[in-house]
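In: have a look; sequence and predicted model below, questions after that.
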Amino acid sequence: MTEEKKDNLNEQQTFLSDQEPEAAVEAPGKKSQPKTLGATGKKKKTSQQHSLQHKEVLKQQALEQQEVKEVLVFFRKYAKPAGIAILVVCAIVLADKFFKAQRHKKEAAADTALMDARSAEALQKVVDDYASTPTAPLALMELAREKFNTGQFDEAEELYARFTKKHSGHELAAQAELNLITCKEAKDQFGEAHLLYGEFAKKHAGSFLAPSAMMYQARCLEALDQLDEAQIAYEDLIVNFPETTWSRIAEANLKVVLGKKK
């Protein structure tokens, strides 16, 4: 038997096994038994089920086609404007990323320039060239300090004043304010300086800069030969900031003041 014939037989067997077996031939003299629903009845029922399923499929296809048409109409109507909107959003996102990258690049260059600065001119260049970066205030403070340390008190005072005005919310603003008063003290303006130090200490009572302001105020009073006021200032510092370096320095200076008063 060829392979092809074997396959055909297998197919026939499969087909026949799915059919309802026909009623057996009755033996002579025996009463016929009520017949059960045979292949014909089942085929009729199956045909009706297939018809209903076919109608349901056609109905579903019609709905799907209608949905496709609606989507196409919507797409034709709105696709172009939506596409433009998407392009605009993409452009904004890309532009934002570009500017952020450029900003980070500039900030990195500013930091490098500040670290490499070895003169007042180089510091001034950082202030000018990178004014929009977070490095600019730091360069300005460093430039003011450089001016102060080289005895250029007027220039240092002007720079500290510029810092307090332009960067009032910066974390170094209070330090710049204190250094500005120190410039006045350096120029022997002790009367104005001691008043400003006192105001600063009250304004920044909770700051770590408060004890230094009190120390400088007492120093100015001592320079003005106002020894009683200087004594009180040193004693206030000792009482308010005990067990600190400032307190120990104040105790030493207080001894000097008491010695002058004898």
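Out: Received it, and whenever you're ready, just let me know what you need.
In: tell me which residues in the helix or strand containing Leu180 are buried?
Out: Element membership for Leu180 (DSSP states H and E) is helix 173-186. Using 16 or more other C-beta atoms under 10 Å as the test for burial, helix 173-186 gives 173-185. All C-beta atoms are positioned from the backbone trio N, CA, C, and that covers glycine.
In: next, the angle from the helix or strand just after that helix to helix 173-186.
Out: Tracing the chain C-terminally past helix 173-186 and defining elements by DSSP H and E, one meets helix 190-203 next. Computed by axes from the mean of the first three to the mean of the last three C-alpha atoms, to 10 degrees, the angle separating helix 190-203 from helix 173-186 equals 160 degrees.
In: next secondary structure after helix 190-203?
Out: Assigned by DSSP H and E, the successor of helix 190-203 is helix 210-223.
In: isn't Tyr130 right up against Pro137?
Out: No. Here Tyr130 does not reach Pro137: they are 10.4 Å apart, not a contact under C-beta atoms under 8 Å.
In: how near is Gly259 to Glu229?
Out: 17 Å (C-beta to C-beta, to the nearest Å).
In: can you check Ser207 too?
Out: Taking C-beta to C-beta as the measure, Ser207 falls 23 Å from Glu229.
In: same check, this time on Cys220
Out: Taking C-beta to C-beta, one finds Cys220 at 10 Å from Glu229.
In: more neighbours: which of these two?
Out: A direct count of neighbours by other C-beta atoms under 10 Å for Cys220 and Glu229 places Cys220 higher, at 27 against 17.
In: look up how far Arg248 lies from that one.
Out: For Cys220 relative to Arg248 (C-beta to C-beta), the value is 20 Å.
In: per-domain residue ranges of the chain.
Out: By the record's domain assignment, the chain is partitioned as 61-171, 188-262 (automatic domain parsing).
In: what does stretch 251-262 contact?
Out: Residues outside stretch 251-262 that contact it (C-beta atoms under 8 Å, 6 or more residues apart in numbering): 218-219, 222, 227-228, 230-231, 234-235, 238.
In: burial count for Ala252?
Out: Neighbour tally, Ala252, other C-beta under 10 Å: 10.
In: Three-state assignment for it, please.
Out: Put simply, Ala252 is helix when judged by DSSP: H, G, I helix; E, B strand; the rest coil.
In: ok, it to Ala218 distance?
Out: Taking C-beta to C-beta, one finds Ala252 at 12 Å from Ala218.
In: what of His194?
Out: For His194, the distance to Ala218 equals 8 Å [C-beta to C-beta].
In: about what we covered before: the domains of the chain into a markdown table, with extra columns for mean pLDDT?
Out: Output for those, formatted as a markdown table (pLDDT from 0 to 100):
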| stretch | mean pLDDT |
| --- | --- |
| domain 61-171 | 80 |
| domain 188-262 | 95 |
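In: any idea which of those domains is most buried?
Out: Comparing the domains of the chain by mean neighbour count (mean count of other C-beta atoms under 10 Å), domain 188-262 ranks first with a mean of 17.
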